[in-house]
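1. Have a look at this prediction, sequence included:
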Amino acid sequence: MSALARSLPEAATPAGASEIGGAERPLLEAVGLTKRFGAFTALDDVSIALAAGEFHALLGENGAGKSTLVKCMLGYYHPDEGGVILDGREQTIASPRDARRLGIGMVYQHFTLVPSMTVLENLVMSRSEVPGVIDWRKERRALSDFLQTMPLKVPLDTKVDRLSSGERQKTEILKQLYLGSRILVLDEPTSVLTPDEAREVLGFLRARALETGMSVLLITHKFAEVTAFCDRVTVLRKGAKVGEGKVAALSTADMAGMMIGERELAAVPERVVNAAARESVLFARNLVSGDAGTRGSVAIEALDVRAGEIVGIAGISGNGQTRLVELISGQARPDAGEIRVKGAPYDASRAAAQAMKVRCLPEEPLRNACVGRMSVAENLAFRSFDRGADGAPRRLLDRSFMRREAERLIAAYQVKTQSPSARIETLSGGNVQRAVLARELSGETDLLVAANPCFGLDFGAVADIRAQILKARNEGAAVLLVSEDLDEIVALSDRIAVMFEGRIVFECAGGEKADTREIGAHMAGHAAAETGGTH
Ligand SMILES: Nc1ncnc2c1ncn2[C@@H]1O[C@H](COP(=O)(O)OP(=O)(O)OP(=O)(O)O)[C@@H](O)[C@H]1O
């Protein structure tokens with residue numbers, strides 16, 4: 001008898017299923033899923049049951065196996081053992097197409113919509129059966145009627161590349177509802193949303209689940225979302241299930257304890273008052289990129305970051321922060337203006353970054369700061385492979401030095417990888433982030449530019465990375481921190497600048513003195529007229 005068959009009778013009536021959704025048996029069950037990559041077991045005999053109408057959280061540290069579990073449930077991976085039972089029947093889900101046919105849908109962290117098509121076109125084309133000749137008027141009417149019934153609003157005739165991140169995320173969710181998903185898996189859906197949007201989206205899905213019997217499985221690193229919206233929780237650690245239960249019966253500390261076991265969190269260093277804090281390190285004047293007012297453009301009159309301080313750039317995504325980081329990291333060139341580092345002109349080339357000790361942790365590090373098919377060790381050596389231990393240029397690669405360095409950084413920054421020679425693209429998202437930060441902070445740093453450094457990280461990793469950034473600051477580095485997470489900006493920054501439509505529209509002190517309501521109003525552009533712009 002297979003593991004799946006053995007577990008059927010017991011798993012068919014999980015505790016809580018009938019109380020939550022009124023169902024006799026779970027809507028969906030994954031039973032005994034095991035997934036190996038070579039000799040490494042990413043998922044070890046994991047079972048999870050989703051009742052109809054329930055909102056279920058999936059928690060675990062970076063690399064715990066959350067994505068692997070849902071990818072097995074959605075047919076992206078074929079588990080080595082175990083299977084999926086839907087409505088009491090074992091199903092073979094060989095591909096995402098099978099999952100869609102069965103009503104299992106997923107909203108990913110990255111967007112899957114086609115940017116050059118409208119919302120209407122995207123939704124219609126996402127159906128598995130699209131007629132050869134599309135009657136757009138009819139489709140438009142049907143979709144309008146469907147959207148009328150939804151509290152989430154998106155503009156049907158707008159091209160996706162003109163939507164805000166929040167609107168795109170809502171479109172991804174509406175797409176799944178339009179496709180008739182009965183089981184909806186959400187991978188950190190609120191990371192691109194403002195706090196108000198996050199509450200709106202999760203509140204809507206919660207109500208919808210109760211109303212229609214849809215099951216929602218939410219992958220998240222935010223305990224506040226679990227306690228506010230979820231009925232039950234399953235916790236993974238190192239590929240195994242280490243806990244489950246009703247959210248109402250668990251404290252945040254209980255859930256955190258299940259996630260990390262006995263391990264201690266990194267202590268956040270005290271903020272030292274730095275004698276060197278007067279010296280200007282980053283100096284930008286009249287920096288222009290793109291046409292004024294267009295999405296993502298930059299028009300900054302003045303931005304200074306001094307040694308030993310963290311300047312946080314707050315703003316809703318799409319207001320020029322990404323471009324600003326690209327200009328400093330050399331991924332884009334300014335149309336006008338100047339950037340100086342420690343008084344000297346800075347052209348953001350690799351040589352200049354090396355000489356002037358400028359380090360950068362960009363957004364989406366796997367795409368923007370790594371070569372996915374190269375090993376962790378090679379990616380860790382990008383800054384240093386052509387230098388000897390003494391920093392002098394070298395011609396021949398010293399592979400054994402690279403490996404030793406990689407092992408040192410992997411240990412120091414607790415990067416979870418099977419080995420230094422594993423392809424970096426096989427690491428979980430959070431561990432790619434740690435690896436890039438390890439590389440960027442491994443030498444002397446005068447200027448550190450960090451864009452959303454804790455995006456997608458578990459709370460333990462957030463504590464580590466924040467501690468590293470504060471340590472760099474305390475040691476005299478100037479830090480430009482760009483983040484969509486206002487709490488993070490407030491907690492880490494000495495000074496805060498708010499970007500809106502490419503300009504810096506407001507500045508204030510960070511830490512406890514910061515007034516988040518006032519900052520929020522400037523982020524939304526509401527306060528710009530009243531205050532007359534830049535302070
Ligand atoms: N294709 C692959 N090849 C080799 N190892 C892999 C592959 N995919 C995942 N892994 C490994 O499996 C483990 C679990 O990864 P997974 O992406 O499921 O973690 P996660 O809990 O979703 O993490 P995160 O919160 O960082 O997204 C990690 O150690 C990862 O390196």
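-> Here it is on my side, so go on. Because the structure is a prediction, the values reported are computed rather than measured.

2. Show me the helices in the stretch 301-450 of the chain, by range?
-> For the stretch 301-450 of the chain, the helices defined by DSSP state H, counting those that start in this stretch cover 321-329, 350-356, 365-368, 376-380, 399-412, 429-440.

3. Of all those, which one comes closest to the ligand?
-> Checking the helices of the stretch 301-450 of the chain against the ligand by Cβ to the nearest ligand atom gives helix 429-440 as the closest, at 3.5 Å. From N, CA and C alone the C-beta is placed, and that goes for glycine too.

4. Tabulate the CA atom coordinates of that closest one in PDB.
-> Extracted C-alpha coordinates of helix 429-440, given in PDB (Å, rounded to 0.1, in the frame of the first residue of the first chain):
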ATOM      1  CA  GLY A 429      14.900  33.800  -2.500                       C
ATOM      2  CA  GLY A 430      16.000  34.900   0.900                       C
ATOM      3  CA  ASN A 431      19.300  33.100   0.600                       C
ATOM      4  CA  VAL A 432      20.200  34.700  -2.700                       C
ATOM      5  CA  GLN A 433      19.600  38.000  -0.900                       C
ATOM      6  CA  ARG A 434      22.000  37.000   2.000                       C
ATOM      7  CA  ALA A 435      24.600  35.900  -0.500                       C
ATOM      8  CA  VAL A 436      24.600  39.200  -2.400                       C
ATOM      9  CA  LEU A 437      24.700  41.200   0.800                       C
ATOM     10  CA  ALA A 438      27.600  39.000   2.000                       C
ATOM     11  CA  ARG A 439      29.500  39.800  -1.200                       C
ATOM     12  CA  GLU A 440      28.700  43.500  -1.100                       C
END
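
5. helices and strands around the longest helix along the chain, which ones?
-> In the chain, assigned by DSSP state H, the helix with the most residues is helix 195-212. Using 3 or more Cβ pairs under 8 Å, 6 or more residues apart in numbering; DSSP states H and E, the elements in contact with helix 195-212 are strand 55-60, helix 165-178, strand 215-219, helix 223-229.

6. And the average pLDDT for the host helix or strand of T34 is what?
-> If you go by DSSP states H and E, T34 is part of strand 28-37. Mean pLDDT, strand 28-37: 96.

7. which SS class is the residue nearest the centre of the chain?
-> Nearest to the mean C-alpha position of the chain, by Cα atoms, centre = their mean, lies G456 at 3.4 Å. Secondary structure, DSSP: H, G, I helix; E, B strand; the rest coil: G456 is coil.

8. nearest residue to it other than its sequence neighbours?
-> G429 (4.8 Å; Cβ to Cβ, 6 or more residues apart in numbering).

9. What is the neighbour count of the one you found?
-> For G429, the neighbour count with other Cβ atoms under 10 Å is 18.

10. and it, what is it in contact with?
-> 62, 109, 366, 456 (Cβ atoms under 8 Å, 6 or more residues apart in numbering).

11. one step back: for the helices of the stretch 301-450 of the chain, give me a markdown table that also has mean pLDDT.
-> What follows is the helices of the stretch 301-450 of the chain, written out as a markdown table (pLDDT from 0 to 100):
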| stretch | mean pLDDT |
| --- | --- |
| helix 321-329 | 91 |
| helix 350-356 | 87 |
| helix 365-368 | 85 |
| helix 376-380 | 93 |
| helix 399-412 | 87 |
| helix 429-440 | 87 |
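
12. Nearest to R206, out of the ones you listed?
-> Taking Cβ to Cβ, helix 429-440 is the member of the helices of the stretch 301-450 of the chain nearest to R206, at 25.5 Å.

13. Fine, thanks again, bye for now.
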